[in-house]
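**Q** build the 3D model from these lines:
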Amino acid sequence: MVREIILLGNPKLYKISSNIEKEELGRIKEIVCDLHDTLIDFRNKYGVGRAIAAPQIGVFKRLIYMYIDKPMVFINPILHFEDDELMEVMDDCMSFPELLVKVKRHKRCTIEFKDMDFKDTTMKLEGDLSELLQHEYDHLDGILATMRAVDDKAFCLKSERSMFNKLNL
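**A** A predicted model of the protein is given here:
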């Protein structure tokens, strides 16, 4: 079922999510279906969308759903950073679909998580996947890209991106 995405300005976005217990897996499967449907609906409307965190649909559990080539579910993820190398990116978010925010993210990270069978899994990420999972992970802790802006001029509407890029900010 397509769920409503909580938008910027709603205080629920700042809520910290709780861990998922193995006994909750039955309910989590339903939530994963809703995350999938909501992601695909958003993608059809806006032409973008690779992942979504459960808090964005009002489920305050540590759960991320990613669908690029195939669906992936991250239960109770933990991020580790290999080094201090950062990259600057224009971050977008389903919770503020018309806004871009310039942020710095780690270029590489490792994510430890439980899969849908509640088995421990580890994945090394680099570049855009590293950025993507850091963004979604932040949602689990009530942190938005707006809170990670590089400075007070790091915001632009998607419709103004070409003008923003000309400023070399």
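
**Q** which SS class is residue 23?
**A** helix (DSSP: H, G, I helix; E, B strand; the rest coil).

**Q** and it, how close does it get to residue 118?
**A** For residue 23, the distance to residue 118 equals 10 Å [CB to CB, to the nearest Å]. For glycine as for every other residue, the C-beta is placed from the backbone atoms N, C-alpha and C.

**Q** looking only at neighbour counts, state which of the two leads.
**A** Comparing residue 23 with residue 118 by neighbour count (other CB atoms under 10 Å), the higher total belongs to residue 118, at 15 against 8.

**Q** so residue 83 touches residue 108, yeah?
**A** Yes. With contact defined as CB atoms under 8 Å, residue 83 reaches residue 108; the gap is 6.6 Å.

**Q** these two - which one has more neighbours?
**A** Taking other CB under 10 Å, residue 83 and residue 108 do not tie; residue 108 has more neighbours (16 against 9).

**Q** which stretches of this protein have low pLDDT?
**A** 164-169 (pLDDT under 70).

**Q** report the central residue of it.
**A** Nearest to the geometric centre of the chain sits residue 136, at 2.1 Å (CA atoms, centre = their mean).

**Q** OK, contacts around that residue?
**A** Listed by CB atoms under 8 Å, 6 or more residues apart in numbering, the contact set of residue 136 reads 51-53, 64, 66, 74.

**Q** top of those residues by number of neighbours, please.
**A** Of the contacts of residue 136, with other CB under 10 Å as the count, residue 53 tops at 29 neighbours.

**Q** and the nearest residue to it once chain neighbours are set aside, helix, strand or coil?
**A** Once flanking residues are discounted, residue 53 sits nearest to residue 139: 3.6 Å by CB to CB, 6 or more residues apart in numbering. Three-state assignment for residue 139 (three-state DSSP): helix.

**Q** gap between residue 139 and residue 10?
**A** 13 Å.

**Q** more neighbours: these two, which one.
**A** The neighbour comparison of residue 139 against residue 10 (other CB under 10 Å) goes to residue 139, with 26 against 12.

**Q** next one: that one from residue 70, what distance?
**A** 22 Å.

**Q** all helices of the protein, in order?
**A** 25-46, 128-140, 161-166 (DSSP state H).
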